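In: got a predicted structure here, sequence first:
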Amino acid sequence: PPDMYNLIGHDPYVSDNVEDGGSLGATHVVMNPKYWDKHLKKSPLVATYIGKPYGGKEEYYNIQEKLMALYGNPTRGLWYEANRGQFCRDYYLRKRKTHLLAVRPQRVVGSTVQQKKITQYGWIVGNKIAKIQILELLRDWLLEDIIVGNKKMKIIESLPCMLTLRQIAAFDLENGNFDAIMSFAGAIIGLRENEHFSEDMAIHKTKNMLSFISTHRRQKRR
């Protein structure tokens, strides 16, 4: 299904110099929960690509592009952090694949009451409060219960990526690079945003489509 892997979180790779700092490029592919009952085998987290290739940003995004193709090139499936994601956006713009980039969330991160016309891609970490909000989304999701092989467990207990688990264990809000955590969080932002969108659509469908008749100015009253 085209939306089976439409939750691909990404913390951008920003440096072409492998010796420059400790920042890594990180990509996490999460299976859409609507398919867990039939297709979940080991973990909702089905793939990660975390690294710092010698070929720099161009090589990283070339490999990421292939990873996305392996998982069906989901439309609006790449939920990347826009603060440092200019190269990511430009790469897919050059490839004429901007349809893969998720648009700016409206309901989860930096949400507003009124829906706006979308003209931007990626999610934004505006300040420390926004970052904490994002991390809480990830924490709450990791502590949800799932059934894997007839065994009940927390989602965090099913994770197959050791680097991601190590960063979770060592996380410090004030110090350090935790690229895997923020990449993973991007996928959960996508999950929650899609859930809100589905709820809005459901509410819209349940509205009385004939309600306009009772308020129409030409309606005769008895």
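Out: Yep, it's here.

In: name the SS class of Asn73, please.
Out: Using DSSP: H, G, I helix; E, B strand; the rest coil, the three-state assignment for Asn73 comes out as coil.

In: is it in contact with Leu101, as I believe?
Out: No: between Asn73 and Leu101 there is no contact under CB atoms under 8 Å: 11.6 Å. All C-beta spots, glycine's among them, are computed from the backbone N, C-alpha and C.

In: which of the two has more neighbours?
Out: When Asn73 and Leu101 are compared for neighbours, Leu101 comes out ahead with 23 against 16, by other CB atoms under 10 Å.

In: neighbours of Tyr80, how many?
Out: Tallying neighbours of Tyr80 according to other CB under 10 Å, which is how burial is gauged here, yields 27.

In: you'd agree it is up against His10?
Out: Yes: under the criterion of CB under 8 Å, Tyr80 lies in contact with His10, with a separation of 3.9 Å.

In: what residues are shared contacts of these two?
Out: With contacts taken as CB atoms under 8 Å, 6 or more residues apart in numbering, the residues that reach both Tyr80 and His10 are 88, 186.

In: which strand or helix spans the residue nearest the centre of the chain?
Out: Among the residues of the chain, the smallest C-alpha distance to the mean C-alpha position (CA atoms, centre = their mean) belongs to Ala187, namely 2.5 Å. Using DSSP states H and E, Ala187 maps to helix 179-206.

In: which stretches in the chain count as strands?
Out: 7-11, 25-30, 45-51, 78-80, 145-148, 151-154 (DSSP state E).

In: how about JSON lines for these, with distance to Asn175 and mean pLDDT added?
Out: Conversion of the strands of the chain to JSON lines gives the following (distance: least, CB to CB, whole Å; pLDDT from 0 to 100):
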{"stretch": "strand 7-11", "distance to Asn175": "17", "mean pLDDT": "97"}
{"stretch": "strand 25-30", "distance to Asn175": "18", "mean pLDDT": "97"}
{"stretch": "strand 45-51", "distance to Asn175": "20", "mean pLDDT": "96"}
{"stretch": "strand 78-80", "distance to Asn175": "23", "mean pLDDT": "97"}
{"stretch": "strand 145-148", "distance to Asn175": "32", "mean pLDDT": "94"}
{"stretch": "strand 151-154", "distance to Asn175": "27", "mean pLDDT": "94"}
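
In: so which of those is nearest Thr164?
Out: Of all the strands of the chain, it is strand 45-51 that lies closest to Thr164, at 6.5 Å by CB to CB.

In: how near is the nearest residue to Glu59 once chain neighbours are set aside to Tyr71?
Out: Computed as CB to CB, 6 or more residues apart in numbering, the closest residue to Glu59 that is not its neighbour in sequence is Pro53, at 4.3 Å. The gap separating Pro53 from Tyr71 is 20 Å, by CB to CB, to the nearest Å.

In: residue contacts, the residue nearest to Leu67 when sequence neighbours are not counted?
Out: In space, and not counting its chain neighbours, Leu67 is closest to Tyr49: 5.4 Å by CB to CB, 6+ apart. Applying CB under 8 Å, 6+ apart, one finds that Tyr49 lies in contact with 25-27, 63-64, 67.
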